[in-house]
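> Pasting the sequence and the predicted model now:
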Amino acid sequence: MIRAMSERCLFCDIVAGEVPATVIRNSEHVLSFLDINPQAPTHVLVVPKAHHVDVGSLAADNPELLGEVVREAARVADNAGLADRGWRLVFNVGPDAGQTVLHIHGHILGGRGLAWPPG
Ligand code: 5GP
Ligand code: ZN
């Protein structure tokens, strides 16, 4: 797929196989892979293969694809054995939330007690 330079990012490169990652699930439109700096025993990133900046812009541009991102996250959590004990899905948006990669990604977190509210 040809992408405009402005749309290239680290997660586009992981989707393209140009940067290595440990892939957990690979559906037609969504890729799930281990976070390189895990914050919980299960910490998986779930991303649409197409480049969208954040969860709000994906919801506006392609709500069906956002639904697939969330469905894939639930499958990853189920497969990790988290269905009963619970898990968290986090979409950081913008600098105050600490979004460092401007390609929407859900953090699937689980396998330990997760504090609320988060720090
Ligand atoms: P954000 O802070 O943008 O919500 O989350 C970005 C996440 O991407 C961080 O949790 C960070 O550890 C992860 N990350 C950054 N670079 C890489 C990488 O090269 N590979 C993988 N698998 N994860 C990365
Ligand atoms: Zn991207």
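Okay, I see it. Numbers count the residues shown, from 1 in each chain. Ligands and ions are numbered 1, 2, ... in the order given.
> right, and the helix or strand after the strand or helix carrying residue 65?
Assigned by DSSP states H and E, residue 65 belongs to helix 63-79. Under the assignment DSSP H and E, the closest C-terminal helix or strand after helix 63-79 is strand 87-90.
> Which secondary structure elements does the very next helix or strand once past that following strand sit against?
Downstream of strand 87-90, the first helix or strand assigned by DSSP H and E is strand 106-110. Packing partners of strand 106-110 (3 or more CB pairs under 8 Å, 6 or more residues apart in numbering; DSSP states H and E): strand 42-48, helix 63-79, strand 87-90. Yep, even glycine has a C-beta here, placed from its N, CA and C like the rest.
> Looking at the ones you listed, which is nearest to ligand 1?
strand 42-48 (6.0 Å; CB to the nearest ligand atom).
> Centre of the chain to the closest one, how far?
How far strand 42-48 lies from its chain's middle: 4 Å, per CA atoms, centre = their mean, to the nearest Å.
> Direction-wise, compare it with helix 63-79 and give the angle.
If you take axes from the mean of the first three to the mean of the last three CA atoms, to 10 degrees, strand 42-48 sits at 160 degrees to helix 63-79.
> Strand 42-48 pairs with which strands, and in what direction?
strand 30-34 (antiparallel), strand 106-110 (antiparallel) (DSSP bridges).
> Name the SS class of residue 25, please.
Following DSSP: H, G, I helix; E, B strand; the rest coil, residue 25 is assigned to strand.
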